[in-house]
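*Asks:* prediction below, plus the sequence it came from.
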Amino acid sequence: DIAHIHNTEADSQVLNEEKIQNNQEIVKDSVLKLTKIGDALYSKSSVETAKSENDGDANFILQNLPTESSYILFFQVLFPFMVGGLGMVMAGFVLDKVQQWDFFVQVRESFILVPALLGLKGNLEMTLASRLSTQANLGRIDSATARWKVVTSNFALIQVQAIVVAFFASAFAMVLAWIPKGQIDWAHAAVLCASSLATASVASLLLSCIMVGVIVFSRFLNINPDNVATPIAASLGDLTTLGVLFKGTAFLRAHLTESWLNVATIIIFLLSSPFFAFVACRDEGAKSVLYNGWSPVIFSMLISSAGGFVLKTAIERYSEVAAFQPVINGVGGNLAAVQASRMGTFLHQNASLGVLPLDWTLSRFYGFRRAFFSSDPDSRSARVLLVFVVPGHIFFNWIIRVLHGDQSSSGALFTSLYLLAALTQVVLLLYLCQWLIPLMWSLSVDPDNAAIPYLTAAGDFMGSLLLFITFLSIDMLSSSRFSS
């Protein structure tokens with residue numbers, strides 16, 4: 001019996017140990033399962049928290065955009081837009097009147113050069129305005145010392161770019177003139193190059209001074225320079241550039257009497273460019289543009305020159321085109337430049353170069369609906385800018401008719417087709433702007449330096465082409481109506 005009791009106790013002890021071991025394994029398994037569940041819950045919570053934080057960042061950034069209502073944007077753009085449009089009307093008036101001057105009659109290649117020079121002026125001055133507007137909005141030119149350094153360096157940069165690109169523009173104009181003829185008049189080439197260099201340099205100097213004054217004054221009045229500077233740059237620039245170019249008659253007289261003067265002018269301008277480059281290198285921003293900012297200006301010059309070839313063809317067939325070409329090209333380029341400057345400032349304020357804010361991707365900007373019908377700030381500003389197109393062109397066309405009398409094209413058919421062409425141009429430019437700016441930013445290219453040249457050049461080409469198509473359509477419709 002005692003042995004039996006001992007055996008029973010031993011068996012009981014073994015069973016208890018097995019139960020304890022089983023319980024420990026169950027507890028261990030339970031702990032592991034609970035740990036996994038806890039990790040999963042924590043991970044989900046972290047994702048939701050991160051998502052919430054990102055949403056909070058998005059809301060924070062969107063709430064900290066410039067607190068401009070659509071009304072403020074409209075009224076800030078209205079005055080420079082009207083001034084700019086009147087400047088373009090006067091530029092068209094001058095271009096229409098002087099197309100019979102000796103310089104344009106004897107050097108027909110000058111018509112190819114006109115859009116290239118106007119585009120060059122617009123590209124350089126509007127990129128300058130966009131850069132300085134961004135610097136002003138970031139508070140980097142508030143002190144006199146910083147302002148002087150930035151301004152002088154950018155002045156020198158503009159001179160280098162103007163000299164180099166004007167030289168290539170005149171050369172490209174001669175190439176386009178050579179294509180149908182098969183020969184080059186080297187005397188005309190010297191006149192064209194000297195006129196181009198002098199025009200670009202003098203006009204850029206005058207316009208740069210005006211731009212700095214406008215931006216500093218806008219900052220003083222608490223007006224967003226993004227809304228003001230670029231339209232004024234374009235408006236005054238067209239008239240100034242054409243006025244300086246028309247002084248090319250002096251180079252024509254030199255061509256007829258003292259041919260060495262044109263060659264000397266070319267050499268002096270080309271030799272002065274290294275000095276301006278040295279001055280531009282004092283500022284890091286200007287230095288970066290000097291090293292990396294050539295492709296937009298040169299490619300845009302080529303596009304504008306193609307527009308000049310279209311203009312030359314159109315003027316030879318319809319002389320009235322000269323009065324409207326600066327207006328339709330300038331209005332489209334101005335509105336696109338305002339949009340580009342605003343979008344560039346937003347990216348500079350809210351993201352690092354090369355990274356889109358709020359984890360946005362480029363696919364976000366491809367939609368036509370988002371560009372014009374969403375609640376995004378750039379979509380809202382695009383709608384405001386589109387409001388200017390139709391009433392603005394109606395007013396400018398009325399001024400053109402007053403200046404030219406019955407010689408200018410008018411009537412319901414012309415006005416309807418012209419407004420359709422102008423509206424098409426601006427819609428395409430604003431749509432191009434909405435994905436070009438983020439694309440450049442994601443490629444670590446500063447849109448303040450690169451976007452506006454492409455946009456204005458595209459505006460020049462599309463404007464000249466659509467205007468030519470408008471006159472062709474009216475001609476065809478009038479002929480068919482007469483035949484019937």
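*Replies:* Alright, I've got the coordinates. Computed from a predicted model, the values in this text were never measured in an experiment. Numbers count the residues shown, from 1 in each chain.

*Asks:* C-alpha from now on. contacts and neighbour counts both.
*Replies:* Will do.

*Asks:* mind listing what's buried in the helix or strand where Ile303 lies?
*Replies:* Using DSSP states H and E, Ile303 sits within helix 294-317. Within helix 294-317, the residues scored as buried using 16 or more other CA atoms under 10 Å are 294, 296-298, 300-312, 314-315.

*Asks:* quick one: neighbours of the closest residue to Tyr318 other than its chain neighbours, just the number.
*Replies:* Nearest residue to Tyr318, sequence neighbours excluded (CA to CA, 6 or more residues apart in numbering): Phe471, at 7.5 Å. Using other CA atoms under 10 Å, Phe471 has 20 neighbouring residues.

*Asks:* now Phe471: how far from Val321?
*Replies:* The spacing between Phe471 and Val321, counted by CA to CA, to the nearest Å, is 8 Å.

*Asks:* could you do Ala169 as well?
*Replies:* Using CA to CA, Ala169 is found at 22 Å from Val321.

*Asks:* the more surrounded of the two?
*Replies:* When Ala169 and Val321 are compared for neighbours, Ala169 comes out ahead with 28 against 24, by other CA under 10 Å.

*Asks:* what angle separates the helix or strand hosting that one from helix 294-317?
*Replies:* Using DSSP H and E, Ala169 sits within helix 144-181. Angle, helix 144-181 to helix 294-317, by axes from the mean of the first three to the mean of the last three CA atoms, to 10 degrees: 50 degrees.

*Asks:* so which bits of the helix or strand that helix 144-181 is followed by are buried?
*Replies:* Next in sequence after helix 144-181, counting helices and strands by DSSP H and E, comes helix 186-220. Neighbour-count burial for helix 186-220 flags 187-205, 207-208, 210-212, 214-216, 218-219 (criterion: 16+ other CA under 10 Å).

*Asks:* summarise which helices and strands helix 186-220 is packed against.
*Replies:* helix 110-137, helix 144-181, helix 225-245, helix 249-257, helix 260-280 (3 or more CA pairs under 8 Å, 6 or more residues apart in numbering; DSSP states H and E).

*Asks:* other residues contacting stretch 316-333?
*Replies:* Contacting residues not belonging to stretch 316-333 are listed as 81, 84-85, 88-89, 91-93, 95-96, 234-235, 238, 311, 314-315, 389, 393, 396, 400, 407-409, 422, 425-426, 429, 455-456, 459-460, 462-464, 467-468, 471 [CA atoms under 8 Å, 6 or more residues apart in numbering].

*Asks:* how about that stretch: buried residues?
*Replies:* Buried residues in stretch 316-333, defined by neighbour count with 16+ other CA under 10 Å: 320-333.

*Asks:* list just the nearest of those to Gly243.
*Replies:* When those are compared for distance to Gly243 (CA to CA), Pro326 wins out at 13.4 Å.

*Asks:* what secondary structure does that closest one sit in?
*Replies:* Judged by DSSP: H, G, I helix; E, B strand; the rest coil, the three-state class of Pro326 is helix.

*Asks:* relative to Ser295, how far out is it?
*Replies:* According to CA to CA, Pro326 stands 24 Å off from Ser295.

*Asks:* same question for Gly182.
*Replies:* Separation of Gly182 from Ser295 (CA to CA): 29 Å.

*Asks:* what do you get for Ala162?
*Replies:* 14 Å.

*Asks:* any idea how the chain splits into domains?
*Replies:* Listed domain ranges for the chain are 1-43, 70-483 (source: automatic domain parsing).

*Asks:* number of nearby residues for Val389?
*Replies:* Quick note: Val389 (other CA under 10 Å) scores 22 neighbours.

*Asks:* in which helix or strand does the nearest residue to Leu138 once chain neighbours are set aside reside?
*Replies:* Excluding the flanking residues, the one nearest Leu138 by CA to CA, 6+ apart is Gln349, at 7.6 Å. In this structure, Gln349 sits in helix 321-350 according to DSSP H and E.

*Asks:* Ala156 contacts Ser272, doesn't it?
*Replies:* No: the pair Ala156 / Ser272 is not scored as a contact, 10.6 Å apart, by CA atoms under 8 Å.

*Asks:* and those two? which has more neighbours close in?
*Replies:* Neighbour count, other CA under 10 Å: between Ala156 and Ser272, Ala156 has more, with 22 against 13.

*Asks:* quick one: contacts for that one?
*Replies:* For Ala156, the contacting residues are 276-277, 279-280, by CA under 8 Å, 6+ apart.

*Asks:* from Ile437, how far out is it?
*Replies:* According to CA to CA, Ala156 and Ile437 sit 26 Å apart.

*Asks:* just Leu347 next, same as before
*Replies:* From Leu347 across to Ile437, the span is 9 Å (CA to CA).

*Asks:* more crowded one of these two?
*Replies:* Per other CA under 10 Å, whichever of Leu347 and Ile437 has more neighbours is Ile437, with 24 against 19.

*Asks:* just the element for the more buried one, please.
*Replies:* Assigned by DSSP H and E, Ile437 belongs to helix 412-442.

*Asks:* list the contacts of stretch 88-97.
*Replies:* Here stretch 88-97 makes contact (CA under 8 Å, 6+ apart) with 235, 238-239, 242, 319-320, 322-327, 330, 396, 399-400, 403-404.

*Asks:* list the buried residues for that stretch?
*Replies:* Neighbour counts over stretch 88-97 (16+ other CA under 10 Å) mark 88-96 as buried.

*Asks:* now do the host helix or strand of Ser478: which elements does it pack against?
*Replies:* If you go by DSSP H and E, Ser478 is part of helix 447-483. Where contact means 3+ CA pairs under 8 Å, 6+ apart, helix 447-483 is packed against helix 110-137, helix 294-317, helix 321-350, helix 412-442.

*Asks:* so the second one versus helix 321-350, what angle?
*Replies:* Translated: helix 294-317. Angle between the axes of helix 294-317 and helix 321-350 is 160 degrees (criterion: the same axes, to 10 degrees).

*Asks:* how far is helix 294-317 from where the chain is centred?
*Replies:* On the basis of CA atoms, centre = their mean, to the nearest Å, helix 294-317 sits 17 Å off its chain's mean C-alpha point.
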